[in-house]
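**Student:** sequence first, then the predicted structure:
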Amino acid sequence: MVDLKIEIGKKIKIMRMARGWTQADLCGDETELTIRQLARIENGQAMPTIPKLAYLAQQLDVNLQDLVDLATVELPKKYLALKNKLIRCHTYGDPDRIAQQEQIFDEIYDEFYDNLPEEEQLSVEILQVHANVFSSLDVGFALGLLEEYFQQVLKKKIYSQNDLLIINVYFLCCAVGLEDREYFEELAEKVVLNVDYSDFEYLYLLERILISILAQIDFADYLVYTKLLRGIIEESKNYQHKPSVYAFEAKYFLEIEHNKERMIESYDKAILFAKMLNDAVLVKNLELEKEKDLAT
């Protein structure tokens, strides 16, 4: 893999220089590829992903096959399975689940990380940052990541998987005390307006983002986001977040409609769905939240 990275990087650098282009010329507005990323690719330090290779081929006006044999950049299935577990992992602060999550990270770093394309390495790093911020409630773990990539994300109209992961980190940081919330409302509106129902992985990440948004907006605005979340869940047939929908609606009925009967009904539905998902940690958390709200 190391030789392949060096070979691809050399090809791209030679083609770029043959056209008399600087790295900035090739990267354009840096929405698809930053100068830093290109420099790492050309120096053989990073393996470009297929979307980045396709972008480079288009910019250089060559065939993708002129840059690389696509079969050589296929990601290991075991790595993809581990990454999927991390994306879909909800620890809810449970020590055993946090330990399991850490074991998955260790396995990825030990077996796969060094040979992953840079975009996949970034995915792992973002997921690690999110886990660190969530478990520690310290936004300091995310500041370096946000400083390097967040402004690039803000320029985009269409988000990649990593863009959504970074946005989710930003919303989490806002929830746990990030002082600069300047872009919260802007991003909350943009993610709602750019729903891609054809990509289930995208939809799952969007569900997590919507939950992060719901965790920190006014109760009066809950139904806008729970309605969208319901629609996404029905489309994707992924019911992992169904209990959260009912729990947020329970809060709405309590705080806005002052209707404890409907609140109890929604909490009971949330707990029922959590039991159907066989998620004992979530069931316990929902029962505690219900008891707390009943006491108000």
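**Tutor:** Ah, there it is.
**Student:** just give me the longest helix of this protein.
**Tutor:** When every helix of the chain is counted residue by residue (DSSP state H), the longest turns out to be helix 118-136.
**Student:** other residues contacting that helix?
**Tutor:** 37, 40-41, 46-49, 51-52, 75, 79, 83, 86-87, 91, 93, 98, 101-102, 105, 108-109, 113, 116, 138-139, 141-142, 145, 149, 161-162, 165-166, 168-169, 172-173, 176 (Cβ atoms under 8 Å, 6 or more residues apart in numbering). Where C-beta positions appear, they are placed from N, C-alpha and C, glycine not excepted.
**Student:** before we move on, what about stretch 162-179?
**Tutor:** 87, 119, 122-123, 126-127, 129-130, 133-134, 137-139, 142, 145-146, 149-150, 153, 156, 159, 181, 183-184, 187, 191, 202, 205-206, 208-209, 212-213, 215-216.
**Student:** can you turn the buried part of the contacts of helix 118-136 into a ChimeraX selection?
**Tutor:** The following ChimeraX line selects those of those that are buried, judged by 16 or more other Cβ atoms under 10 Å:
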select :37,40,41,46,47,48,49,52,79,83,86,87,91,98,101,105,108,116,139,141,142,145,149,161,162,165,166,168,169,172,173
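**Student:** which members of the contacts of helix 118-136 are positioned in helices?
**Tutor:** Taking DSSP H as the definition of helices, the contacts of helix 118-136 contribute 37, 40-41, 51-52, 79, 83, 86-87, 98, 101-102, 105, 108-109, 141-142, 145, 149, 161-162, 165-166, 168-169, 172-173, 176.
**Student:** can you report phi and psi for the nearest residue to residue 101 once chain neighbours are set aside?
**Tutor:** Sequence neighbours aside, residue 89 is the residue nearest to residue 101 in space, at 5.4 Å (criterion: Cβ to Cβ, 6 or more residues apart in numbering). Main-chain dihedrals, residue 89, degrees, to the nearest 10: phi -80, psi 130.
**Student:** again with residue 75
**Tutor:** Torsion angles, degrees, to the nearest 10, at residue 75: phi -80, psi 140.
**Student:** show me what contacts it?
**Tutor:** Neighbouring residues of residue 75 by Cβ under 8 Å, 6+ apart: 116-117, 120.
**Student:** try it again at 7 Å.
**Tutor:** residue 120 (Cβ atoms under 7 Å, 6 or more residues apart in numbering).
**Student:** ok, it to residue 47 distance?
**Tutor:** Residue 75 sits at a distance of 10 Å from residue 47 (criterion: Cβ to Cβ, to the nearest Å).
**Student:** circling back to that earlier point, for the longest helix of the chain, which positions count as buried?
**Tutor:** Neighbour-count burial for helix 118-136 [16+ other Cβ under 10 Å]: 118-131, 133-134.
**Student:** same question for stretch 27-39.
**Tutor:** Buried, per 16+ other Cβ under 10 Å, within stretch 27-39: 27, 32-33, 37-38.
**Student:** export it to CSV, keeping only CA atoms.
**Tutor:** These are the backbone C-alpha positions of stretch 27-39, laid out as CSV (Å, rounded to 0.1, in the frame of the first residue of the first chain):
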residue,chain,number,x,y,z
CYS,A,27,-7.7,22.4,-5.8
GLY,A,28,-9.7,25.4,-6.9
ASP,A,29,-12.0,26.6,-4.1
GLU,A,30,-10.9,23.6,-2.0
THR,A,31,-14.5,22.3,-1.5
GLU,A,32,-13.5,18.9,-3.0
LEU,A,33,-9.9,18.8,-2.1
THR,A,34,-7.7,21.1,0.1
ILE,A,35,-4.2,22.1,-0.7
ARG,A,36,-3.0,20.3,2.4
GLN,A,37,-4.7,17.1,1.3
LEU,A,38,-3.2,17.3,-2.2
ALA,A,39,0.2,17.9,-0.8
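**Student:** now find how far off-centre it is within its chain.
**Tutor:** On the basis of Cα atoms, centre = their mean, to the nearest Å, stretch 27-39 sits 21 Å off its chain's mean C-alpha point.
**Student:** swap in stretch 269-284?
**Tutor:** 24 Å.
**Student:** over to stretch 177-190?
**Tutor:** The answer for stretch 177-190 is 16 Å, by Cα atoms, centre = their mean.
**Student:** start and end of it, how far apart?
**Tutor:** 22 Å (Cα to Cα, to the nearest Å).
**Student:** many thanks, we can stop here.
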